[in-house]
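1. Just a sequence and a predicted model for now, questions to come.
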Amino acid sequence: MNNKEQFEREFESFLNDGDSRVAALYRKLPRPEPDAKLDAAVLAMARRAAAAAPRPRARAPRWVPALSAAAVVALAAGVAFRIGPTVWQQPVPATQKPIGENVVAPASAAAQMDTKRAETEALKDKAAPQDAAVPAVPAAPPAAPNGQEARAPLRKMEPTARRVDAPAPQAFPKQAAMEREKKPAESGAAGGASAATDQPGARGELDAQTLDHGRDESPQAAPERPALKARVENTGPPLPVQTAPSPPPAREQAVPPAAPADAMAESTIAAPAAKTMQLAPRSQDPNARLYPEHWLQNIRTMLREDKRGEALRSLAEFRRLYPNYHLPDDLRDLK
Amino acid sequence: MGEAYSDEKLMLAYADGDLRAFDTLYARTRGMLYRFILRSVPDRASADELFQETWSRLIASRERYRVEAKFSTWLLQIAHNLIIDSFRRARPQAGAEETETVLRELDVPENERPEQVLSEFEQRRRLQMALDGLPDEQREAFLLRVEGALGLAEIAQITGAGQETVKSRLRYAFAKIREKFAE
């Protein structure tokens, strides 16, 4: 018992303090150490590793990540501010598949389109309340809470969207026409190439190209339209809308009414944006479907045929639709 | 790098590229590590090889070092793993019968043998023989305790055994060595 208790005491001392007769005897054992060669090998190994390793990177100040994050946020906000409204308010391109066929528009988009439609109605009523040739756009129901319900109003909009699609292809010929109008005034020598477009054959080719161009260009230009449309609405005069009761000739059907001069001069891209323009007042003058220069030519014809009253009415209508158009000298002072 | 710096700080300094820190750390721990290895393996050549390999492993993993335990615990754990690997490569594990034979031989009290009083030299020789005769787990636990000055928890961490198991191994080892010198 005494031996066992003594063993336990020694063992506890060995465990706790490392102190016991056995431990003391162990410490009396020879204390071998690695030889110098081994030491040198290890130290050389450590030096090689330290030399081979890349130097610890200098830590960047703490404000650098914070500043970077702030810059990214500011940049993102700027980009969102610039393109956000365009993306959010972007309507589905009307020249693609009929709206609502296989596209579920979000409720917010439907609501925006409803708002625009209401504005269009208001402007139409204000600008041409007597116009009964064009059916009124049906009042849109309130925004649907989900995409499934939003399909119905979008389908109802489809005919309107198709109708206002037509002006798109004429953007480039319109600008060419504007240039033709300006060039004769500046230099009489100009007009070789532009005069060629006045030939019937050339016009036909041009119209065909224009139509193709319009068809091809429309889907790509779609993302730009809302912003451009807003710009046209704000800066340019309203677009005339085709209202002729009888179907026009094939060429004129393909070339709907012209855009005002300001809108045309602003950008060649601005005219395609007018495809979705629904705010243009309508005109009862059949010449409103023509290019401005053709319209003016018809006015001259009326004057030659002693239809002065009709010519003056048509010219007044022309001035109403194209207030910024630079009229030729012979028509400018015509009263 | 003086004595004021702990082993852990020295290791962190070396991880950052301070070679003087490594020199100091190496000078502090080289003897302890070498003796632990030397008394765990059968020959000096193996001890030298394992010693160098231990430092090689430490140097290679210096950038991953975190102060989660004493530096000596980490160092001895590397050495322990290498020693275990060398045992597995060098010889088959001792079976239960072999272990029993060793224990029977160790159980014979030294004072029952017809020998005269032992000199100190003879005592050290017997201690060395007793250590050599211990099962690996017991010898390792004993060496970690007396050479590395580690506690039960640290030995358990290094060897991967429970603290009670470590305590039991130490108890057996202590008893066998003590019996060698029982009068």
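-> Right, received. Where do you want to start? Numbering: from 1, shown residues only, chains lettered A, B, ... in the order given.
2. Quick check: which element contains A:His294?
-> Taking DSSP states H and E as the criterion, the element that holds A:His294 is helix A:292-304.
3. ditto for A:Gln6
-> Counting by DSSP H and E, A:Gln6 is part of helix A:2-16.
4. does chain B sit close to that helix?
-> Yes: using C-beta under 8 Å from any C-beta of the partner chain, we find that helix A:2-16 touches chain B at A:Phe7, A:Glu10, A:Phe11, A:Phe14, A:Leu15. Using the backbone N, CA and C atoms, a C-beta is placed for each residue, glycine as well.
5. Neighbour-wise, give me the winner out of those residues.
-> Each of these was scored for neighbours by other C-beta atoms under 10 Å in any protein chain shown, and A:Phe14 scores highest at 22 neighbours.
6. Contact partners for that residue?
-> Contacts for A:Phe14 (C-beta atoms under 8 Å, 6 or more residues apart in numbering or on different chains) come out as A:Ser20, A:Val22, A:Ala23, B:Arg145, B:Leu170, B:Phe174.
7. Just say helix, strand or coil for the fourth one.
-> Yep, that's B:Arg145 we're talking about. Remark: B:Arg145 carries the secondary structure label helix [criterion: DSSP: H, G, I helix; E, B strand; the rest coil].
8. Around it, count how many other residues there are.
-> By other C-beta under 10 Å, 24 other residues sit near B:Arg145.
9. hmm, who's touching stretch B:75-82?
-> B:29, B:33, B:36-37, B:50-51, B:53-54, B:57-58, B:140, B:144, B:148, B:150, B:157-159.
10. interface residues of chain B facing chain A?
-> Chain B comes close to chain A at residues B:14, B:16-17, B:19, B:22-23, B:26, B:30-31, B:34-35, B:38, B:44, B:48, B:51-52, B:55-56, B:59-60, B:62-63, B:120, B:123-124, B:127-128, B:145-146, B:149, B:152, B:167, B:170-171, B:174-175, B:177-178, B:181, as judged by C-beta under 8 Å from any C-beta.
11. Narrow the residues you listed to just the buried residues.
-> The neighbour count (16 or more other C-beta atoms under 10 Å in any protein chain shown) marks B:14, B:17, B:19, B:22-23, B:26, B:30, B:34-35, B:38, B:48, B:51, B:55-56, B:59, B:62, B:124, B:127, B:145-146, B:152, B:167, B:170-171, B:174-175, B:177-178, B:181 as buried among the residues of chain B next to chain A.
12. burial of residue 9, as a residue count?
-> No chain was given, so I picked chain A. Around A:Arg9 there are 11 other residues, counting by other C-beta under 10 Å.
13. oops, chain B please
-> Residues contacting B:Lys9 under the criterion other C-beta under 10 Å number 15.
14. how about the helices in chain B?
-> Chain-ordered helices for chain B, with DSSP state H as the definition, fall at B:7-15, B:19-38, B:44-60, B:71-90, B:96-107, B:120-133, B:136-146, B:152-159, B:163-180.
15. hey, least reliable of those helices by pLDDT?
-> Considering these one by one, the lowest average pLDDT is found for helix B:96-107, at a mean of 51.
16. A:Ser314 is in contact with A:Trp295, isn't it?
-> Yes: under the contact definition of C-beta atoms under 8 Å, A:Ser314 touches A:Trp295, with a separation of 7.3 Å.
17. coming back round to it: with respect to A:Arg308, which of the contacts of A:Phe14 is nearest?
-> Minimum distance to A:Arg308 across the contacts of A:Phe14 is 124.4 Å, recorded for B:Arg145 (C-beta to C-beta).
18. could you list every residue that touches B:Tyr56?
-> Careful, residue B:56 is Ser; it's not Tyr. The neighbours of B:Ser56, taking C-beta under 8 Å, 6+ apart as the test, are A:Met45.
19. And A:Arg300, by the same measure?
-> Contact criterion C-beta under 8 Å, 6+ apart gives A:Ala311, A:Asp330, A:Leu331 as the residues in contact with A:Arg300.
20. Now the second one: which helix or strand?
-> Following DSSP H and E, the helix or strand that holds A:Asp330 is helix A:329-332.
21. now the first one
-> The secondary structure element spanning A:Ala311 is helix A:308-321 (assigned by DSSP H and E).
22. Which strands or helices does that helix pack on?
-> The helices and strands touching helix A:308-321, judged by 3 or more C-beta pairs under 8 Å, 6 or more residues apart in numbering or on different chains; DSSP states H and E, are helix A:292-304.
23. Just the buried residues of the helix it packs on, please?
-> In helix A:292-304, counting by 16+ other C-beta under 10 Å, buried: A:Pro292, A:Glu293, A:His294, A:Trp295, A:Leu296, A:Asn298, A:Ile299, A:Met302, A:Leu303.
24. Count the neighbours of the closest residue to B:Asp136 other than its chain neighbours for me.
-> With sequence-adjacent residues excluded and distances taken as C-beta to C-beta, 6 or more residues apart in numbering or on different chains, B:Asp136 is closest to B:Phe87, at 6.5 Å. B:Phe87 has 16 neighbours, counted by other C-beta under 10 Å.
25. could you dump the buried residues of helix A:292-304 to CSV with pLDDT?
-> Supplementary listing: the buried residues of helix A:292-304 in CSV, determined by pLDDT from 0 to 100:
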residue, pLDDT
A:Pro292, 87
A:Glu293, 87
A:His294, 89
A:Trp295, 90
A:Leu296, 90
A:Asn298, 91
A:Ile299, 91
A:Met302, 91
A:Leu303, 90
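26. Fine by me, thanks again.
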